[in-house]
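1. Quick check, what structure comes out for this input:
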Amino acid sequence: MQGKFYTAPLPPQLSDSNRRIIETNTPSTRAYQIWKGSNRFFFGGRFIFGPDARSLLLTVSMVVIPEILFCAFVSQRLIDEFGHHFGNLIVGLSVALTVYIMFLLFLTSARDPGIIPRNPHPPEPEEDTGSCISTDWSGNQNGAPNIPPTKDVTVNGMVVKVKYCQTCMLYRPPRCSHCSICNNCVDRFDHHCPWVGQCIGKRNYRFFFMFVSSTTVLCLYVFAFCWVNIEKTMEAHHCSLGKAFLKSPVSGILILYTFIAAWFVGGLTAFHFYLVFTNQTTYENFRFRYDGKMNPYNLGCWRNIREIFFSKIPSSKNNFRALVRGDSSSVYNPSISMGHAMSPDMPKRSFDIEMGKRQAVAAEDFEDIHSQIDSIGRSERCGTQPRHANWDHKGNWEITPDIHMLAAEFGMQHGSTVREKIHGVR
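-> Have a look, this model is predicted:
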């Protein structure tokens, strides 16, 4: 037990989260309820949105309201001019396309974009040394534990640097980046889109592309038939273009609106077509990562299209509805393992007691603490050990108030004998 504690002193008292971990009778909660990212969850963790999910209301209204105006004020003249069956087909196609766009918007914004689960603690130093560490890192001059900021990995025969994420405590996979808005590392991170209120990553990029391109088609569709309606109005009333706009003002408004919107979403669609053909992400393109060097992910135009649109979407690496015991899941809350030395760079310290190992903790670590208390009690009675000490750099052990508290917590479940031993030491 002596060599297992890290040299930094433990906090003076156990936090509320640590108390909930130790207490085995704590009611179970879902993983999404203690999720560390900035996401918003709905329907019991079944749907995950970004923190700016309210922007979806604006996006939905910008698509649905023009469609309602088109069906209410423009469609009737089109039905009269083109006949009942063909006119209804024109209106029905616009409605079906709008519903399809809403479905794609939901698939884009309400699913896990490819979040990489956080590590419960930083990688062990011995696991990160060797040829895979980037040669740009010279190490910590102080000799203290430090994790190299980058590591070299091979992708399609080319060396790619991956960065270490201090927040998620892991080396990001290639093409992964940490979104500062959602506070998650996202696989094949493209960008965070405020219009859909979600990160765009490996698991929802194809739906985002289809959403943008379908919205472009809808804008052009409404734009074209509004012009048809204006022409039919001019023919029916033998009037000029200006008077036709006055007779059908909604058509004029929709023409102007869809013209502006088509430039925006159409330009975005064209840009993402280019990204798909070259197998780039928006993040990579804006940072000019492949200027003057080969893109290791570019497999050729057709293979890139097949990879993005026709490959199987990987399953989510997170089970947001999984039952966890309080804050015991260190994936969702920062933690420290009792039996292992941890990095001093960790933002918080708490006990990392896994759900499946609670009995082992109660049986092993509790007895270790008792042996510590007994030995210190004997040494105090002999006058050979100071009463209030801490671990110093020479490895001297001292009892601390939180060890008493931890022992007391376990003692609540192991009988009054424990309390008598603790009080005897005091």
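2. Test my guess that Thr29 contacts Phe320.
-> No: contact between Thr29 and Phe320 fails when scored by Cβ atoms under 8 Å: they sit 11.6 Å apart. (Glycine included, C-beta is placed from N, CA and C.)
3. how about the strands in the stretch 151-300 of the chain?
-> Under the criterion DSSP state E, counting those that start in this stretch, strands of the stretch 151-300 of the chain are mapped to 158-165, 170-171, 177-179, 184-186, 191-193, 198-200.
4. what's the last one packed up against?
-> Just to be clear, that refers to strand 198-200. helix 84-109, strand 191-193 (3 or more Cβ pairs under 8 Å, 6 or more residues apart in numbering; DSSP states H and E).
5. And the pLDDT for Lys243?
-> Lys243 carries a pLDDT score of 93 in this model.
6. just the helices in this protein please.
-> Per DSSP state H, the chain carries helices over the ranges 16-22, 55-69, 75-82, 84-109, 125-128, 205-237, 241-247, 249-278, 282-286, 301-309, 358-360, 366-382, 401-414, 416-425.
7. in the stretch 301-426 of the chain, what spans have low per-residue confidence?
-> 326-426 (pLDDT under 70).
8. Tell me which residues of stretch 156-165 come out buried.
-> For stretch 156-165, a neighbour-count test (16 or more other Cβ atoms under 10 Å) marks Val162, Lys163, Tyr164, Cys165 as buried.
9. Quick check: the two most widely separated of these?
-> Val162 and Cys165 (9.6 Å; Cβ to Cβ).
10. Overlap of the contact sets of the two?
-> Tyr171, Arg172 (Cβ atoms under 8 Å, 6 or more residues apart in numbering).
11. thinking again about what came up before, mind putting the buried residues of stretch 156-165 in CSV, distance to Arg118 and pLDDT included?
-> Output for these, formatted as CSV (distance: Cβ to Cβ, whole Å; pLDDT from 0 to 100):
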residue, distance to Arg118, pLDDT
Val162, 16, 92
Lys163, 15, 93
Tyr164, 13, 94
Cys165, 9, 95
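12. mind putting these in a markdown table, distance to Cys193 included?
-> Output for those, formatted as a markdown table (distance: Cβ to Cβ, whole Å):
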| residue | distance to Cys193 |
| --- | --- |
| Val162 | 24 |
| Lys163 | 23 |
| Tyr164 | 26 |
| Cys165 | 21 |
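13. What is the nearest of the residues you listed to Lys202?
-> Of all these, Lys202 sits closest to Val162, with 15.4 Å by Cβ to Cβ.
14. thinking Val95 is in contact with Cys71, fair?
-> Yes: shown here, Val95 and Cys71 form a contact pair, counting by Cβ under 8 Å, at 6.7 Å.
15. So which residues make contact with stretch 262-279?
-> Contacts for stretch 262-279 (Cβ under 8 Å, 6+ apart): 209, 212-213, 215-216, 219-220, 223, 281-282, 285, 295, 297-299, 301, 304-305, 307-309.
16. Show me just the buried residues among those residues.
-> 209, 212-213, 215-216, 219-220, 223, 281-282, 285, 297, 304, 308.
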